[in-house]
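1. How does the following fold in three dimensions:
(chains A, B, C and D)
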Protein chains: 2
Amino acid sequence: MRTDERAAAKLRATIFDVARHAGVSIKTVSRVVNNEPNVREATRDKVRASIDALHYRPNAAARGLSAKRSFVIGLIYENSEEFSYTKDLLSGVLGACETHNYSLLLRPLTLPSAEVSHSIHSFIRLTAAEGVVLPAPIGDMPEVMQVLSGLDVPVATISPKHPRSADISVYCDEADATFRLTEHVLALGHTHIGFIKGHPDHRASHERLAGFTQALQTNKIGLDASLTEDGFFTFESGRQAAFRLLRRERPPTAIIATNDEMACGVMHAAHELDLHIPHDVSIAGFDDTAVASRLWPPLTTVRQPITEMAEAATSRLIQRLIGDEPGAPEACSPGLFPCQLVIRRSTAARS
Amino acid sequence: MRTDERAAAKLRATIFDVARHAGVSIKTVSRVVNNEPNVREATRDKVRASIDALHYRPNAAARGLSAKRSFVIGLIYENSEEFSYTKDLLSGVLGACETHNYSLLLRPLTLPSAEVSHSIHSFIRLTAAEGVVLPAPIGDMPEVMQVLSGLDVPVATISPKHPRSADISVYCDEADATFRLTEHVLALGHTHIGFIKGHPDHRASHERLAGFTQALQTNKIGLDASLTEDGFFTFESGRQAAFRLLRRERPPTAIIATNDEMACGVMHAAHELDLHIPHDVSIAGFDDTAVASRLWPPLTTVRQPITEMAEAATSRLIQRLIGDEPGAPEACSPGLFPCQLVIRRSTAARS
DNA sequence: GCAGCATGAGACAACGTTGTCAGACGCGGC
DNA sequence: GCCGCGTCTGACAACGTTGTCTCATGCTGC
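-> Residues are numbered from 1 along each chain as shown, chains lettered A, B, ... in the order given. This next block holds a predicted model:
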C-alpha cells in the first residue's frame, strides 16, 4: 500500500493518499480540508477520518502556488534597545497568525536609515507577504506607507499618529492614561511637576503631553512651560533632561518621563545628584517595560495591552486578506484599547 | 507585450517573462538564477540583464514545491520574562537566514509545559522547517531532541549542556568567564563571597559554578559551601537567596548571581535591608541584559556574544542543509566563543 | 412520468519552478 | 571531411494543491 510506503519513508502523506484511503477524489478531500460546501456530511466524516489516520497536513508551498497566495504576513519593527515592547508585540502578532494559519516573517529595521524604502520593497518582493503589521513609529514614516501602498499591500498600524492613514489601526487612549497618571502625582501633593516629552515622530509623544496639560488644567494648576523638557524616548535624552530640571533653582518635586527608558535616565541623574527617590523627587514612566519592576524603587508607570493590541490588529488584517469582512468591522474588535495605571514606589507624597 | 501587461497589473514577472525577454528558454533562466554551470557567459549576461529589467524574483512557493524543500528554518525558544537574550538571539538567527535566503519561523514555548513534544511536532509538520535552532534550555530537553530526531530534522543548539548531543552547537566558555569575574571580585579584596546558582537544567549553571570554585581554589580561598545558594535564574529566586545570605550572622561582602535577573533580585533585597550598594555589598550578574546598565548602580556582569553565536549556529545549520560541507567544519567557524567581562559600579573595593 | 433544479462529486488544467533527458552546435583528431 | 565528444540549450514532466467545468444523482412540482 502506497500509504505505508510513505509512512515508512517518513514522507508526508499527500492529498492523493488521503483520497485513495477515503475512496473519494482528490478534489473532494480538498473541499473538506478547506471547509467548502457541497460535500455530504457522511463523505466529510469519512475524509476527516482518513486525514487523521494518515496525519495529513496540506503542503503550504503547493497551496500557495495554486491559490496565488503566500499565507505570509510581515512584521516590520524598529530594532531598538528597548525590546520588551517588541516581545509583547511579537506574542500578539504570532498568536493571531497561528490561529489563522498564517506564517509570520520578520523585518527588523535599524533607524534612522536612508534605505528603509528599499529594504521594505525587497522584503515584500522576496517574501510575497500579503499584508504587514507596522508598530509605531514605522507606521508613521511616509516613505514606508508610500512603498507599501505602491505595492498594494494592506497595512495594520499599531499606535500610529493618524489612525486614518492605514487600512487598519489600533491604539490606546494615551492622553487619558497620562491624565490619570498626572492626577495620581497631583494627588500626592506635587504641584511643581517636570515633564519630559517623547520623540516628536511618535503619536504617543503628543498624546501624552496633551493628557498632562489637560490634567494640570482640570486641577487648576498653572502650566510652567519651562518645566517641560524635550526628550527622544532614549535613556540618555531622559538623563540629560533630568539634569536640566533637577539643577534648576527650584527643581520639580516630581518628574513624569513619557517612557520608562527615559525614566531610567531620570533615576540615574537623580542618583548622580545624590537625590533620594521618591523622598526628594518622585519619578514616573510610561510603558511598564520589563525594567520598570526591576529598578529600585520600582517605577510607577502605565501599561498598554500591547499583546492584545497586536493580536487584534493582526487578526483584523488577516480577516481582511481572507476577505470575510464582518458586517461592522469596528464592532467586533474596536481600535481603541484601555491603558492601566501601575503605581509602584517611585512616586510618593511630597515631603 | 505580455511583460508590460504584468507590470501594469502589478504582477510579478515570472521566469517565463524573463525567458521571453532574453530570447532563451525557461530552463536557461533557471540555470542562471541558480548559478548552475553549462551556460555561456554571454547568455548569462543577457539573462541577468533581463532579470534586472523585469525586476524578476523567483517565486518561493513554486521553487519549494518543485525542489521539495521549504527553505524555512525554525527557531524554538522559551518565551521568558527576560527577553533581551531572545532579542540578540533573533538578530543573529535572522541575519544568517537573510544571507542564505532562508525564511525564519518562530515558535515560542511557555515552560514548563506538558505539551512541548506535541507543539514542536505540529510546528515541524505545519511549517515543513528543514532545520531548527534551539537555544538553551530547549536544546537540553530530551523529549524535544527525541521528537526532532524522529522527524529527521537537523538541529543547531546554542549553549547546550552536552555539545555532542546535537548536530551543531555553539557555546561560550562560561566557566572561564565566571573565573575572571570572580577574580575581579577577589581583587577588590572580597574573600567572603556569596554565590547564587542558576537553574539546574541549564548547562550554564554548572559551568558558572565550576568557574567560581576554580577561582577560589586558584586564589587559595577556602570554599564556604554555606555561601552558595540555590537559584533558578528568576528575579524572585535571586531575591530570596539574597535574603538568606544577607541575614546571616556574618553576611558576604559581595554576591555573585549567575544571571542579571537574579542580580536584580539581590539588589532589591539589599535595598529592602537598607544596605548600600556597593559600599555594604558588591553585586555582580551575568548576561549583560538590557536592565544591567539601567540599574543603579549599573551592574557588573559578563557579556556573551549571543548574536554572533546565533548567527554562526544558524549559518552552519543552513550550510549543512544545503549540503556544501566545508572540508573541516570546525575550522571555518568554531563552536566556542569568548565572553567579555563588563565592569560597572555595582562592584567596589571591600570597605 | 418527466422536466427542471439543486446538490454532490470528479476530471482536468492551471500555478511557477526544477530535474531529466534529448538534441543542437562547435571543435579537434584522424 | 567526418566522426566523436564536450558544451550549451530546450522540451517536457514532475511537485501538491486549488479553480473551473462537467457530469451524475436525487428530489420537487406538475
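2. Just give the number of residues close to the closest residue to DNA strand C within the stretch 201-350 of chain A.
-> Across the stretch 201-350 of chain A, the shortest distance to DNA strand C (C-beta to the nearest atom of the strand) belongs to A:Leu321, at 18.4 Å. Yep, even glycine has a C-beta here, placed from its N, CA and C like the rest. When neighbours are counted by other C-beta atoms under 10 Å in any protein chain shown, A:Leu321 registers 17.
3. Need the residues that contact the helix or strand containing it.
-> In the assignment (DSSP states H and E), A:Leu321 maps to helix A:306-322. Outside helix A:306-322, the residues that touch it by C-beta atoms under 8 Å, 6 or more residues apart in numbering or on different chains are A:73, A:85, A:88-93, A:95-97, A:99-100, A:102, A:130-131, A:133, A:135, A:154-159, A:167-172, A:325-326, A:329, A:333, A:335, A:337.
4. where do the strands sit along the stretch 201-350 of chain A?
-> A:228-229, A:254-257, A:282-284, A:301-303, A:336-337, A:340-342 (DSSP state E, counting those that start in this stretch).
5. just to revisit the earlier point, how close does the residue of the stretch 201-350 of chain A closest to DNA strand C sit to A:His268?
-> 45 Å (C-beta to C-beta, to the nearest Å).
6. Against A:Ala187, how distant is A:Arg350?
-> A:Arg350 is 10 Å from A:Ala187, by C-beta to C-beta.
7. Spatially nearest residue to A:Leu94 (excluding sequence neighbours)?
-> Nearest residue to A:Leu94, sequence neighbours excluded (C-beta to C-beta, 6 or more residues apart in numbering or on different chains): A:Leu104, at 5.8 Å.
8. and the residue of the stretch 101-250 of chain A nearest DNA strand D?
-> Closest point on the stretch 101-250 of chain A to DNA strand D, by C-beta to the nearest atom of the strand, is A:Asn101, at 10.7 Å.
9. can you pull the contacts of that residue?
-> Here A:Asn101 is in contact with A:71, B:126 (criterion: C-beta under 8 Å, 6+ apart).
10. Is A:Gly194 in a helix, a strand, or coil?
-> Secondary structure, DSSP: H, G, I helix; E, B strand; the rest coil: A:Gly194 is strand.
11. State the number of residues packed around the residue nearest to A:Arg239 when sequence neighbours are not counted.
-> Among residues not flanking A:Arg239 along the chain, A:Gly265 sits closest, at 3.4 Å (C-beta to C-beta, 6+ apart). Per other C-beta under 10 Å, the neighbour tally for A:Gly265 reads 25.
12. how much space is there between A:Gly265 and A:Asn34?
-> Counting by C-beta to C-beta - A:Gly265 and A:Asn34 are separated by 53 Å.
13. okay, the strands of the stretch 201-350 of chain A in JSON lines with distance to A:Asp52 and mean pLDDT next?
-> Shown next, in JSON lines, are these (distance: least, C-beta to C-beta, whole Å; pLDDT from 0 to 100):
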{"stretch": "strand A:228-229", "distance to A:Asp52": "63", "mean pLDDT": "97"}
{"stretch": "strand A:254-257", "distance to A:Asp52": "55", "mean pLDDT": "98"}
{"stretch": "strand A:282-284", "distance to A:Asp52": "55", "mean pLDDT": "98"}
{"stretch": "strand A:301-303", "distance to A:Asp52": "43", "mean pLDDT": "96"}
{"stretch": "strand A:336-337", "distance to A:Asp52": "39", "mean pLDDT": "91"}
{"stretch": "strand A:340-342", "distance to A:Asp52": "43", "mean pLDDT": "97"}
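14. Mean neighbour count and distance to B:Gly198 for these - can I get that in TSV?
-> Output for these, formatted as TSV (neighbours: other C-beta atoms under 10 Å in any protein chain shown; distance: least, C-beta to C-beta, whole Å):
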stretch	mean neighbour count	distance to B:Gly198
strand A:228-229	20	41
strand A:254-257	30	33
strand A:282-284	29	32
strand A:301-303	25	29
strand A:336-337	16	37
strand A:340-342	16	29
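15. wait, which of those is closest to DNA strand D?
-> Going by C-beta to the nearest atom of the strand, the one of the strands of the stretch 201-350 of chain A nearest DNA strand D is strand A:336-337, 34.3 Å.
16. neighbouring strands for the closest one, and are they parallel or not?
-> Sheet pairing for strand A:336-337, assigned by DSSP bridges, gives strand A:168-172 (parallel).
17. quick check: angle from the strand it pairs with to helix A:306-322?
-> Following axes from the mean of the first three to the mean of the last three C-alpha atoms, to 10 degrees, one obtains 170 degrees for the angle between strand A:168-172 and helix A:306-322.
18. So what touches whichever helix or strand comes after strand A:168-172?
-> Later in the chain than strand A:168-172, the nearest helix or strand by DSSP H and E is helix A:174-187. Contact with helix A:174-187 is made by A:159, A:193, A:204, A:207-212, A:214-216, A:218-219, A:221, A:254, A:256, A:258, A:282, A:284, A:286, A:300, A:302, A:304, A:339-341, A:343, A:347, as judged by C-beta under 8 Å, 6+ apart.
19. Name the SS class of the residue of the stretch 101-250 of chain A closest to DNA strand D, please.
-> coil.
20. Got the confidence number for it?
-> Confidence at A:Asn101, expressed as pLDDT, is 89.
21. And for A:Glu81?
-> 69.
22. ditto for A:Ala67
-> In this model, A:Ala67 carries a pLDDT of 88.
23. can you check A:Gln217 too?
-> 96.
24. who's in contact with the closest residue to it other than its chain neighbours?
-> With C-beta to C-beta, 6+ apart as the measure, A:Leu223 is the residue that lies nearest to A:Gln217, at 7.5 Å, once sequence neighbours are left out. Residues near A:Leu223 by C-beta under 8 Å, 6+ apart: A:213, A:216-217.
25. Residues of chain A that sit close to DNA strand D?
-> A:14-16, A:26-27, A:30, A:33-34, A:56-59, A:62-63, A:65-67 (C-beta under 7 Å from any atom of the strand).
26. Can you flag which of these belong to helices?
-> Members of these lying in helices (criterion: DSSP state H): A:15-16, A:26-27, A:30, A:33, A:62-63, A:65-67.
27. which one of those is nearest B:Leu245?
-> Looking at those and their distance to B:Leu245, the nearest is A:Arg63, at 58.0 Å (C-beta to C-beta).
28. Can you tell me the closest non-neighbouring residue to that closest one?
-> A:Phe71 (7.3 Å).
29. That neighbour reaches A:Glu130, doesn't it?
-> Yes. Using C-beta atoms under 8 Å, A:Phe71 is in contact with A:Glu130, at 7.3 Å.
30. circling back to that earlier point, identify the residues contacting the residue nearest to A:Arg239.
-> A:234-242, A:257.
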